[in-house]
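Engineer: need a structure here:
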Amino acid sequence: MAGIALAFALTRGLVLLAPADVPRPGEIGVDGESLLFTLAAVTTASLVLGPASVFGALQRSRAGSLKGSRATSGIAGRCSQSALVVTQVAFTTVLLVGAVLVTVSLQRLSNVDPGIRPENVLAMEIGLDSERYETAGAVSAF
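Structural biologist: Numbering: from 1, shown residues only. You can find the predicted model right below:
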């Protein structure tokens, strides 16, 4: 929940700090699809990694009570811890590389020549009365 609140706050802050030439800054924000994706990712990670950590904690507590002292987690525990660390590092690397690629792509995209000169151009839309201009010919004649 704190992450969602932080995402909304940071998005508003970034919109306020955005340069004047950023198109449609009012449309920038956190949408429902990204929130659902985040919820699905967190739920999946909890369901996959939660039981593994509980199992490891149970194994350590049983081993400690049998030995009567601080017990190490053994080879199986060390392997599972190593696997979790490797998985976390791999996911972090993928996210970091993805963030860098998106940033570079956005920077390159902002430097692309659109092929037109938008200075002194006016764009507008005219809505015609559908009863008076029923056919395509009437619209073209207008």
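
Engineer: quick one: secondary structure of residue 119?
Structural biologist: coil (DSSP: H, G, I helix; E, B strand; the rest coil).

Engineer: Tell me where the chain is predicted with low confidence.
Structural biologist: 56-74, 76-77 (pLDDT under 70).

Engineer: Check the gap between the residue positioned nearest the centre of it and residue 14 for me.
Structural biologist: By CA atoms, centre = their mean, the chain has its centre lying nearest to residue 34, at 6.1 Å. Using CB to CB, to the nearest Å, residue 34 is found at 15 Å from residue 14. The C-beta positions use only the backbone N, C-alpha and C, and glycine is treated the same way.

Engineer: go on, residue 130?
Structural biologist: Distance from residue 130 to residue 14, by CB to CB: 41 Å.

Engineer: More neighbours: which of these two?
Structural biologist: residue 14 (13 against 8; other CB atoms under 10 Å).

Engineer: what packs against the helix or strand harbouring the more buried one?
Structural biologist: Per DSSP states H and E: residue 14 is located in helix 2-17. The helices and strands touching helix 2-17, judged by 3 or more CB pairs under 8 Å, 6 or more residues apart in numbering; DSSP states H and E, are helix 32-67.

Engineer: Beyond the helix it packs on, next helix or strand please.
Structural biologist: helix 74-110.

Engineer: before we move on, back to that, what are the contacting residues of the helix holding residue 14?
Structural biologist: With CB atoms under 8 Å, 6 or more residues apart in numbering as the test, helix 2-17 has contacts from 25-26, 28-30, 35, 38.

Engineer: what's the closest of those to residue 140?
Structural biologist: residue 26 (34.2 Å; CB to CB).

Engineer: what about the closest one, which SS state?
Structural biologist: helix.

Engineer: what's the burial count for it?
Structural biologist: For residue 26, the count of nearby residues is 6 (other CB under 10 Å).
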